[in-house]
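Visitor: Quick one: sequence and predicted model below, then my questions.
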Amino acid sequence: MTTDTLVAGELPLGERPDYLREGRTVLSWLTTTDHKRIAILYAITITFFFFLAGAAIALVRLELFTPNGDLFSNDTYNRLFSFHGIVMVWFFLVPSIPTVMGNFLVPLMIGAPDVAFPRLNLMSWYINVIAGVFTIYAVIAGGVDTGWTFYTPYSTMFSNSYVLAAAFGVFTVGFSTIATAVNMITTVHLLRAPGMTWFRLPLFVWSIYATSIVIALATPVLAISLLLVIAERWLGLPIFDPARGGDPILFQHLFWFYSHPAVYIMVLPAMGVVSEIIPCFARRRIFGYQFMVYAIVAIAGLGFFVWGHHMFVSGQSPFASLIFSLLSFIIAVPSAIKVFNWTASLYRGQITFESPMLYALGFVGLFTTGGLSGLFLASIPIDIHVTDTYFVVAHFHYIMVGGSVSAFFAALHFWWPKATGRLYPESWARFAALLMYFGFNLTFFPQFVAGYLGMPRRYATYPPEFQVYNVMSSSGAAILAAAYLLPLGYFTWSLFYGRKAGNNPWDATGLEWSTTSPPPPKNFDHEPRVDHDPYDYHPQGASAGIGSRPVHQHERDLR
């Protein structure tokens, strides 16, 4: 692609056409079909949900500061952690990277003017908002206390009637994620720029593509499961209630058949983000690109076959448990390949530690810890010992929060200049990244110890010998909250006072960096043509179709 393609980038910054200036009224945002604006709308929405869920768990950690139930009744405590889990999992962790970063970046990365179905994209956001508000109202007004899993028979027999409303809200938001998944799959298949072959796709696009397939195949199973809960409770059908001839274990099979692939719905996009950031700040090609692609596909496929390792104590066949245990160890292999390849990409690299890189390296450390603890849970004897203890809580949060949230913040910092055209204060961003890593480990690592020693989860009171671990966790949670609030402050500041970013402040490769910052409404003035893979450094800076970036000497030295 020649520099003629980038003529808009030659205009003064204030005169460039961009998607932020396309229309400044509230109505123009609420009726937009621009994938970039819809990504911003999603970002605002999930940030709201994230901080609501965070406030609930802050109250939980405050309660656990002492062994006795000083602040809340047991019922209120159950409602708090249920609110946290339902909102954080279904309305932040699952949609975060696919809906925000996927929406914003996938068309830019493949050279498309928009997603395949722009109106469906906007509709998915409206469904997300409506379902989120409805569910939050149901959980707060009704005091839902089932946890985020809605386990039967508790949700069908013993809990209050608002469980049906909350379950229906989660059922409804599934349509939003499916719509996004269908859009991503179709966009990648049909709208790639000339020359953008499958093995020239950025690894982030591969991760969103694989995640979208998992969403499209697995989410209907969750929807059916929740509909069956609603039908049993509302119509009295004998599905899960053993008193009526139902089987409560059936719900666990259905729920975890979705919810274990859902782990990779949250983690695969995070892996894609890290796979973009590490090569950029190491000034190295990604090591083993094709193996990274195969690992993404393998994780997405194998994720459908390991749900039973959540059910070792449920009474399922011991032979089935052995198979699920073996498969759980096998799925660790492609995850290990990715960690190895990220490490190899760093080897002999000219590494710089900007804030996106710090968040990405934090992801690698936290994900590796969470993954290794997952191998303990895949071992049947150890899993039986630590089931329903804080060991499981720590493992889950190292993968879901430590991994996915770290990668989400890495993505925000890396692509913020592209989305807004502004730079944030780098020193504050580095401090927030380090604070997050420290606060997270202080919060959750003690829970491994407490859980292994036998402290059960979901209890408002606990034996005094566990207090030291809970004091450490609650103190770490306060630090972690500060680390999450800091970016909200300096990102807002940067919108008004941040320095102009330029088109490519990181000297990154990839097609999205070849257009202006912020991008124009249709992303590119002319259809780009792709001649190289997205991680290729070469003369004239024409990596993956980028034709206007000068090549630095250290890049020539790497050739």
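Guide: Cool, the structure landed.
Visitor: make it CA atoms for all contacts and neighbour counts henceforth
Guide: Fine.
Visitor: what's the biggest helix by length in the chain packed up against?
Guide: Across the chain, the longest stretch assigned as helix under DSSP state H is helix 248-282. Helices and strands touching helix 248-282, by 3 or more CA pairs under 8 Å, 6 or more residues apart in numbering; DSSP states H and E, are helix 203-235, helix 289-302, helix 318-346, helix 355-378, helix 406-420.
Visitor: Tell me which of these sits nearest to residue 536.
Guide: Closest approach to residue 536 among these (CA to CA): helix 289-302, 11.3 Å.
Visitor: average pLDDT across the closest one?
Guide: For helix 289-302, the mean per-residue pLDDT is 95.
Visitor: Output the contacting helices and strands for that helix.
Guide: Counting by 3+ CA pairs under 8 Å, 6+ apart, helix 289-302 packs on helix 203-235, helix 248-282, helix 318-346.
Visitor: 7 Å - rerun?
Guide: Packing partners of helix 289-302 (3 or more CA pairs under 7 Å, 6 or more residues apart in numbering; DSSP states H and E): helix 203-235, helix 318-346.
Visitor: would you say residue 382 is within a strand?
Guide: No: secondary structure of residue 382 (DSSP: H, G, I helix; E, B strand; the rest coil): helix, not part of a strand.
Visitor: Was I right to think it contacts residue 375?
Guide: No: with contact defined as CA atoms under 7 Å, residue 382 does not reach residue 375; the gap is 9.6 Å.
Visitor: Buried residues, the longest helix of the chain. List them.
Guide: 248-249, 251-282 (16 or more other CA atoms under 10 Å).
Visitor: just for the protein, where's the confidence low?
Guide: Across the chain, the ranges flagged by pLDDT under 70 are 1-16, 158-159, 537-559.
Visitor: sorry, back to before: of all the helices and strands packed on helix 248-282, which one is nearest residue 42?
Guide: Minimum separation from residue 42 across these (CA to CA) falls at helix 406-420, 13.0 Å.
Visitor: what's the helix or strand following the closest one packed up against?
Guide: Downstream of helix 406-420, the first helix or strand assigned by DSSP states H and E is helix 426-453. Using 3+ CA pairs under 7 Å, 6+ apart as the contact test, the elements touching helix 426-453 are helix 355-378, helix 390-397, helix 467-497.
Visitor: try it again with 8 Å
Guide: In this structure, helix 426-453 packs against helix 355-378, helix 380-386, helix 390-397, helix 467-497, with contacts taken as 3+ CA pairs under 8 Å, 6+ apart.
Visitor: Would you mark the buried spots in that helix?
Guide: In helix 426-453, counting by 16+ other CA under 10 Å, buried: 429-430, 432-452.
Visitor: quick one, what contacts residue 478?
Guide: Going by CA atoms under 8 Å, 6 or more residues apart in numbering, residue 478 touches 58, 439.
Visitor: Look up phi and psi at residue 310.
Guide: Backbone torsions of residue 310, given as degrees, to the nearest 10, read phi -80, psi 0.
Visitor: So it sits against residue 258, correct?
Guide: No: Residue 310 lies out of contact with residue 258 (CA atoms under 8 Å); the separation is 11.9 Å.
Visitor: between residue 382 and residue 375, who's got more neighbours?
Guide: Between residue 382 and residue 375, counted using other CA atoms under 10 Å, the more crowded position is residue 375 (16 against 13).
Visitor: Help me confirm that the more buried one comes into contact with residue 328.
Guide: Yes: between residue 375 and residue 328 there is a contact at 7.5 Å, judged by CA under 8 Å.
Visitor: any residues in contact with both of the two?
Guide: In terms of CA under 8 Å, 6+ apart, residue 375 and residue 328 are not both contacted by any residue.
Visitor: Give me whichever of the helices and strands packed on helix 289-302 is most buried.
Guide: Mean neighbour count (mean count of other CA atoms under 10 Å) peaks for helix 203-235 among the helices and strands packed on helix 289-302, with a mean of 21.
Visitor: Summarise which helices and strands it is packed against.
Guide: Going by 3+ CA pairs under 8 Å, 6+ apart, helix 203-235 lies up against helix 162-190, helix 248-282, helix 289-302.
Visitor: For stretch 23-33, which outside residues touch it?
Guide: Outside stretch 23-33, the residues within contact range by CA under 8 Å, 6+ apart are 37, 38, 118, 119, 121, 122.
Visitor: What's the local residue count around the fourth one?
Guide: It stands for residue 119. Neighbourhood size, residue 119 [other CA under 10 Å]: 14.
Visitor: and the gap between it and residue 384?
Guide: 48 Å (CA to CA, to the nearest Å).
Visitor: Just give me how far stretch 435-455 sits from the chain centre.
Guide: Averaging C-alpha positions (CA atoms, centre = their mean, to the nearest Å) puts stretch 435-455 21 Å from its chain's average.
Visitor: For stretch 296-313, output the C-alpha coordinates as CSV.
Guide: Output of stretch 296-313 as CSV, limited to C-alpha atoms (Å, rounded to 0.1, in the frame of the first residue of the first chain):
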residue,chain,number,x,y,z
ILE,A,296,-5.7,-21.1,19.8
VAL,A,297,-7.8,-23.6,17.7
ALA,A,298,-6.8,-26.5,20.0
ILE,A,299,-7.8,-24.6,23.1
ALA,A,300,-11.2,-23.6,21.6
GLY,A,301,-11.9,-27.2,20.5
LEU,A,302,-10.7,-29.1,23.6
GLY,A,303,-12.6,-26.7,25.8
PHE,A,304,-15.8,-28.5,24.9
PHE,A,305,-14.6,-31.8,26.3
VAL,A,306,-13.4,-31.0,29.9
TRP,A,307,-16.5,-29.8,31.6
GLY,A,308,-16.7,-32.9,33.9
HIS,A,309,-13.6,-31.8,35.9
HIS,A,310,-15.9,-29.4,37.7
MET,A,311,-17.9,-32.4,38.9
PHE,A,312,-15.4,-34.8,40.6
VAL,A,313,-17.5,-34.7,43.8
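Visitor: which residues are in contact with that stretch?
Guide: Residues from elsewhere that reach stretch 296-313, judged by CA under 8 Å, 6+ apart: 206-207, 210-211, 214, 252-253, 256-261, 264, 268, 320-321, 324-325, 327-328, 331, 334-335, 377-378, 380, 383-384, 387.
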